[in-house]
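*Asks:* Structural data only, the sequence is not supplied:
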């Protein structure tokens, strides 16, 4: 807006009424609340939501995994690349990014096996760890009841997703993750907690939730908080052949 | 995850080392931190990011505007519907939803005129008001410098966008807006401020920013804070033929 | 301040330097950021920190307990009033205020028995429950080790105090508690969490910590969150003859 | 608490009822939520609220000002020390601490002249700057109307105090200030804003308010945000003979 909208006019009218009785701030001019500097940096968006914008690091383009990823020991990642996606190889262990990240926007697409096997946590299970510590659960949660704080889109054992907006097994799904890394006090406790917002398939499932601590399979997350800096994005090998594609990340 | 990940194993190893010297909490079992109830509600996602999920209210489907919208006076909206989109008619004034909203996720697509006219605030200007008060700016900000807190994607006169990720005039662009309505103290001041997260064309441009008050063309937003409840979504007539389509909203 | 301080002058100097290169906001006048209305309400402070200010409700003045307090069933409180203070009577059960509170500032003084008996949680144990649910621990923590999230000044089983600033058994100590009640979503989950700041004997021991849920002796606080409104202040009978005095509260 | 309180019993009863129908988390033991390490550090409180606790830095003990303070240029402070307090000398300029602080608890007592002269901002005006930038106003606001965001206890030009709990001219008053320093993004914007809680004469007047930017006599605080670290506490010379005493600070 620049001209005075109908809303502003309403407010001005109210303000005029009040000012007969009470002392108002001295009237300002519109230009006084314009901030011109610095200019906002320009970014070219991707053609679709799956495509990386110009300021993103492409973590996986469908072909070369070894450019940006290693296995747990820093060696070649043992997962299978085919048909423009990468698939967990049971027993090959996790893969992790060579680059380290803290605050970021991460786009990632995933697919659980079309052939349904197992149930609850045993079906299409994998996970995305932010800063190597904070897991966004990947699971086949389509007609597959499990504990709510462990289903797809949960911050594992900390926050259930707001809704279960999973697609069927064998279909590609997307996570858009907005991640704010924790800041620490000198004694290693959190000054601010890690915060996560997630859209799954375009639908909000986590709304700026603040984590209690690193993901724990057993016990109390707070107990495991310790100071850390930027760290890798980790994808989990949970033994199920879950696939990933179109992985890009923007540092915030 | 369900089995113990390499990360958890690391932590357990650390924990064991510590426990030789200090008193640890009694060991827990994995099941103790599983929350099963209530079951997370199921939502069917749209086919693409533009399509409404099953729990959304479709505010505009490309055809009938009068079902969900009125003009400022509650009468028929005077904007033009054609080719699956609705376009501002200069002088017809704002349009607003019949339904009222507070916390919500809003998907909306917009297009500024392919024929470039005017500059700064005069080019492709419109706006989206949350709760009739808080404006997300719509503007042709493609090669069109203006004040940073007034360009496309700004929370008008309060927050510049993190990046300028605008498409060219004549191209469709999307906003995915996550809006948290303010809560009020009894005296009409904010208990919590309105908070907004926005992705434009899939790229984060506002990250949970907290507003100072209702949008003001002139003056100090705080001065205009007053208690309000759910309210309409308003689209602004700023005199430029900006178009909108694929508008859907989810109550949070 | 009113005249331009040395600091402001410094900033203005910096601003002048910048403005040679970049576009600045139009210059304002000092009066434009003065807010005059409404007038801030006047309160008369107490003579000392122990004395109630003029807008406080005096919950216990050293004499009459039954005016503002009942036992758990709403009957006469069974605790002993003598020497200007009230003392827990073992087995008489809790006492609670007749009035209900949400956001508030609470001043309360307490004393654990001069004769030291028991250890850990068994020594001088009582508690102050905000909104009948959220316990600020009262304990003789002077040379009496217990779990850190259960000692005096802890938010029981949720937050240890920043420091242990306890006086010796038999001495009077003060808590100044600033309490922000939770707000709720319609589904009974927290919109904002309860938040507590505490000064013990004038020293900060809790700094705006946000609670996970109602106090739980066993288990996970989150599991017990349910929508509630204003509620009583409760003092706990834990079997030890802890005394209280100078109790006043201000609604915020 | 340690034994199960009446409240916990209520919850357990509710939980039992629910568990007939739904799946509950596996039952825990009380010891599982006890955190023992590390031990909370012990601090000896002052005898009264005016006296420094054992972990405080005494910034002014009533006698020697030059030990902890300088003037603006780093030289000897030109203010007058007498009768256990220090008084502004008009024209001597500000004084500031030699030590630098970020997060802290500050106790300070102040007195405006018993002889009332001037009005509005001209009566008993001084100020306390946190990190050399963020002013807590000192003013004779006893029967002295001024703009609400400029009176005693205001965060100057940003937040009016919740109540006006000033004592009369010539009487000693106290501020207990809990200050959280800002954290910064790499580009010099705030990651978290400065936050302040203040008790004046034992009464809450600022409740964890978050600042918009450095204090500005003229203009928009946001415009002056720039990255900074720990900095001095500054007391302002505004030309009025305001006195200070019992100044101590604790690093948080």
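*Replies:* It's in. Just so it is clear, the model here is predicted, and its values are computed rather than measured. Residues are numbered from 1 along each chain as shown, chains lettered A, B, ... in the order given.
*Asks:* How about the residues of chain A by chain C?
*Replies:* A:18, A:22-29, A:31-38, A:212 (Cβ under 8 Å from any Cβ of the partner chain). C-beta: built from backbone N, CA, C; applies to glycine.
*Asks:* switch the cut-off to 10 Å
*Replies:* A:18-19, A:21-39, A:149, A:158-159, A:193, A:210, A:212, A:220, A:222 (Cβ under 10 Å from any Cβ of the partner chain).
*Asks:* which of those count as buried?
*Replies:* A:24-25, A:28, A:30, A:32-36, A:149, A:158-159, A:193, A:210, A:212, A:220, A:222 (16 or more other Cβ atoms under 10 Å in any protein chain shown).
*Asks:* Those residues also near chain D: which ones?
*Replies:* Within those, those near chain D by Cβ under 10 Å from any Cβ are A:25, A:32, A:33, A:35, A:149, A:220, A:222.
*Asks:* quick one: which of the residues you listed is nearest residue D:107?
*Replies:* Proximity of these to residue D:107 was ranked by Cβ to Cβ; the top entry is residue A:222 with 30.7 Å.
*Asks:* Whichever residue of the stretch 151-252 of chain A sits closest to chain B: how many residues sit nearby?
*Replies:* In the stretch 151-252 of chain A, no residue comes nearer to chain B than residue A:201, which is 3.6 Å away by Cβ to the nearest Cβ. Per other Cβ atoms under 10 Å in any protein chain shown, the neighbour tally for residue A:201 reads 25.
*Asks:* Which residue is the nearest non-sequential neighbour of it?
*Replies:* residue B:45 (3.6 Å; Cβ to Cβ, 6 or more residues apart in numbering or on different chains).
*Asks:* still on that earlier bit, could you identify the most distant pair in the ones next to chain D among the buried ones among the residues of chain A next to chain C?
*Replies:* Farthest apart among those by Cβ to Cβ are A:32 and A:220. That separation is 51.3 Å.
*Asks:* ok, residue A:121 to chain B distance?
*Replies:* Distance, residue A:121 to chain B, using Cβ to the nearest Cβ, to the nearest Å: 4 Å.
*Asks:* same check, this time on residue A:61
*Replies:* Look at residue A:61 and chain B: by Cβ to the nearest Cβ, they are 17 Å apart.
*Asks:* Ignoring the adjacent residues along the chain, who's closest to residue A:54?
*Replies:* Spatial nearest neighbour of residue A:54, chain neighbours left out: residue A:44 (4.0 Å); criterion: Cβ to Cβ, 6+ apart.
*Asks:* and if you look at residue A:78?
*Replies:* Using Cβ to Cβ, 6+ apart, the closest residue to residue A:78 is residue A:92 (3.2 Å).
*Asks:* Contact distance from chain D - what residues of chain A qualify?
*Replies:* A:23, A:25, A:32-33, A:35, A:37-38, A:103, A:145, A:147, A:149, A:180-181, A:183, A:185-187, A:191-192, A:219-220, A:222-223, A:251-252.
*Asks:* switch the cut-off to 8 Å
*Replies:* Residues of chain A lying close to chain D (Cβ under 8 Å from any Cβ) are A:32, A:33, A:35, A:183, A:191, A:192, A:220, A:222, A:223.
*Asks:* what would the residues you listed look like in a markdown table with pLDDT and secondary structure?
*Replies:* Below are the residues of chain A next to chain D laid out as a markdown table (pLDDT from 0 to 100; DSSP: H, G, I helix; E, B strand; the rest coil):
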| residue | pLDDT | secondary structure |
| --- | --- | --- |
| A:32 | 95 | helix |
| A:33 | 95 | helix |
| A:35 | 94 | coil |
| A:183 | 98 | strand |
| A:191 | 97 | strand |
| A:192 | 98 | strand |
| A:220 | 88 | coil |
| A:222 | 88 | helix |
| A:223 | 85 | helix |
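*Asks:* in chain A, what residue is nearest chain D?
*Replies:* Counting by Cβ to the nearest Cβ, chain A gets nearest to chain D through residue A:183 (5.6 Å).
*Asks:* tally of neighbours for that residue?
*Replies:* 15.
*Asks:* And residue A:119, by the same measure?
*Replies:* Residues near residue A:119, counting by other Cβ under 10 Å: 12.
*Asks:* The one 4 residues further on now?
*Replies:* When neighbours are counted by other Cβ under 10 Å, residue A:123 registers 20.
*Asks:* can you pull the contacts of it?
*Replies:* A:112, A:116, A:117, A:139, A:140, A:144, A:240 (Cβ atoms under 8 Å, 6 or more residues apart in numbering or on different chains).
*Asks:* Let's see that with 7 Å instead.
*Replies:* A:116, A:117, A:139, A:140, A:144 (Cβ atoms under 7 Å, 6 or more residues apart in numbering or on different chains).
*Asks:* Chain neighbours aside, what residue packs nearest to the residue nearest the centre of chain A?
*Replies:* Chain A has residue A:177 as the residue nearest its centroid, 1.7 Å off, counting by Cα atoms, centre = their mean. Once flanking residues are discounted, residue A:177 sits nearest to residue A:106: 4.4 Å by Cβ to Cβ, 6+ apart.
*Asks:* Check the spacing between the one you found and residue A:209 real quick.
*Replies:* Using Cβ to Cβ, to the nearest Å, residue A:106 is found at 16 Å from residue A:209.
*Asks:* more crowded one of the two?
*Replies:* Neighbour totals were compared for residue A:106 and residue A:209, and residue A:106 leads with 21 against 18 (other Cβ under 10 Å).
*Asks:* Quick check: beta-bridge partners of the more buried one?
*Replies:* residue A:177, residue A:249 (DSSP bridges).
*Asks:* from what I can see it touches residue A:178, true?
*Replies:* No - counting by Cβ atoms under 7 Å, residue A:178 is not a contact partner of residue A:106; they are 8.2 Å apart.
*Asks:* All the strands of the stretch 1-150 of chain A, residue numbers only.
*Replies:* A:57-60, A:69-71, A:80-82, A:85-87, A:95-97, A:104-111, A:126-130, A:134-138 (DSSP state E, counting those that start in this stretch).
*Asks:* So which of those is the most surrounded?
*Replies:* strand A:134-138 (a mean of 27; mean count of other Cβ atoms under 10 Å in any protein chain shown).
*Asks:* picking up where we left off before, quick one: the residues of chain A next to chain D as TSV, columns for distance to residue C:128 too.
*Replies:* Formatted as TSV, these follow (distance: Cβ to Cβ, whole Å):
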residue	distance to residue C:128
A:32	49
A:33	46
A:35	47
A:183	31
A:191	28
A:192	28
A:220	25
A:222	23
A:223	26
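*Asks:* Low-confidence ranges, the stretch 151-252 of chain A, go.
*Replies:* For the stretch 151-252 of chain A, no stretch has pLDDT under 70.
*Asks:* let's see it at 90
*Replies:* Scanning the stretch 151-252 of chain A for pLDDT under 90 picks out the ranges A:220, A:222-223.
*Asks:* So which bits of it are right by chain B?
*Replies:* A:151, A:156-157, A:160-161, A:163-165, A:167, A:176, A:178, A:197, A:199, A:201-204, A:207-208, A:216-220, A:223-224, A:236, A:238, A:252 (Cβ under 7 Å from any Cβ of the partner chain).
*Asks:* can you do 6 Å?
*Replies:* Remark: the part of the stretch 151-252 of chain A in contact with chain B comprises A:156-157, A:160-161, A:163-165, A:178, A:201-204, A:208, A:217-219, A:224, using Cβ under 6 Å from any Cβ of the partner chain.
*Asks:* Kindly report the same for the stretch 1-150 of chain A.
*Replies:* Within the stretch 1-150 of chain A, the positions near chain B by Cβ under 6 Å from any Cβ are A:1-2, A:4, A:8, A:11, A:28, A:30, A:33-36, A:40-43, A:45, A:49, A:53, A:72, A:105, A:121, A:127, A:147-149.
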